[in-house]
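Novice: Structure for this input, please:
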Amino acid sequence: MASDLPPDPRFFLLEDEEWGLYDTKFSKVEPTNRGDPPPCPKCGKTIGMLTWLPPYRAELELHGRELGDFVGGPGNEVLISERMKEAFQAEGLVGLLGFHPMEVVRIRRRRKGPKFDTPPSYFVVTARFGRGAVDEARSRLRRNKPVTCPECRNTGVEAIHGFTLEPSTWEGEDVFRPRGLQGDMVVSERFAEFVQRHGFTNMKLTPTNEYVWDPLRKGPP
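Specialist: Numbers count the residues shown, from 1 in each chain. Model (predicted):
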């Protein structure tokens, strides 16, 4: 019976919390070394941005009052604080790769506040490109081209009005980029509870079935 089946896992889209109390961004300090972007193993199409290579040096831009634990910027990489790194590894969560120490070259405040005597420690991480695949039939995506590659399913997306993943494609990662929406970072319910329990900052978690992104206001498909 359908009622005996376990419910679909809950997933959340992860973004930094723009305009919040801990709103923090980063920019890479030149000269910056860059590697090739990740390709689809089947069709060879690019599925991500150029890879950031060491040395890892960045400038933080603080729009809020305090520096956040999660910091977004250009490219596939994000920064996480030392306390978030230690908790993530200690609790056995999976899906983040790298954990490269980063040099904070400077911190620019966009509002008044005290100077930072000692730059905090941040680490460069990337989210794994996961096997979890967007369920085209049950999602509300407006694509500008039909999906042609069954592996990456990577085409331009003009609007998102909620999405879900195909059953049985998720392999248990707590943080990953799904096939069909590699530009977005998706997290598990366990990761959402982890963030809430530790009070990590500058992180916005939206259930994937409620997530709306429609910059041109084209509406759902």
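Novice: okay, CA-based contacts and neighbour counts for the rest of this
Specialist: Fine.
Novice: In the protein, spot the strand with the most residues.
Specialist: When the chain is parsed with DSSP state E, its longest strand is strand 96-109.
Novice: can you list the weak-confidence ranges in this protein?
Specialist: 1-8 (pLDDT under 70).
Novice: Helices along that one, start to end?
Specialist: 82-90, 189-198 (DSSP state H).
Novice: ok, now how distant is the spatially most central residue of the chain from R142?
Specialist: When Cα atoms, centre = their mean is applied to the chain, the residue found nearest the centroid is M185 (3.2 Å). From M185 over to R142 the distance is 18 Å, taken as Cα to Cα, to the nearest Å.
Novice: Next: V187.
Specialist: 22 Å.
Novice: How about L181?
Specialist: Counting by Cα to Cα, the gap from L181 to R142 is 12 Å.
Novice: Those two: which is more packed in?
Specialist: Between L181 and R142, counted using other Cα atoms under 10 Å, L181 has the larger neighbour count: 22 against 18.
Novice: what about the residue lying closest to T208 once chain neighbours are set aside, how many residues close to it?
Specialist: The shortest distance from T208 to any non-neighbouring residue, by Cα to Cα, 6 or more residues apart in numbering, is to F12 (5.0 Å). By the measure other Cα under 10 Å, the count of residues near F12 is 22.
Novice: again with the one 10 residues further on
Specialist: Other residues within reach of Y22 by the criterion other Cα under 10 Å amount to 23.
Novice: same question, the one 4 residues further on
Specialist: The local packing of F26 (other Cα under 10 Å) involves 20 other residues.
Novice: and the gap between the closest residue to it other than its chain neighbours and A133?
Specialist: Excluding the flanking residues, the one nearest F26 by Cα to Cα, 6+ apart is L60, at 4.5 Å. Distance from L60 to A133, counting by Cα to Cα: 33 Å.
Novice: ok, now H100?
Specialist: Distance check for H100 against A133: by Cα to Cα, it reads 28 Å.
Novice: One more: L13?
Specialist: L13 is 14 Å from A133, by Cα to Cα.
Novice: now do G44
Specialist: 18 Å.
Novice: What is the burial count for the residue nearest to F26?
Specialist: Neighbours of L60 using other Cα under 10 Å come to 21.
Novice: Run through the bridge partners of it.
Specialist: F26, I107 (DSSP bridges).
Novice: Quick check: it touching M102?
Specialist: No - with contact defined as Cα atoms under 8 Å, L60 does not reach M102; the gap is 11.3 Å.
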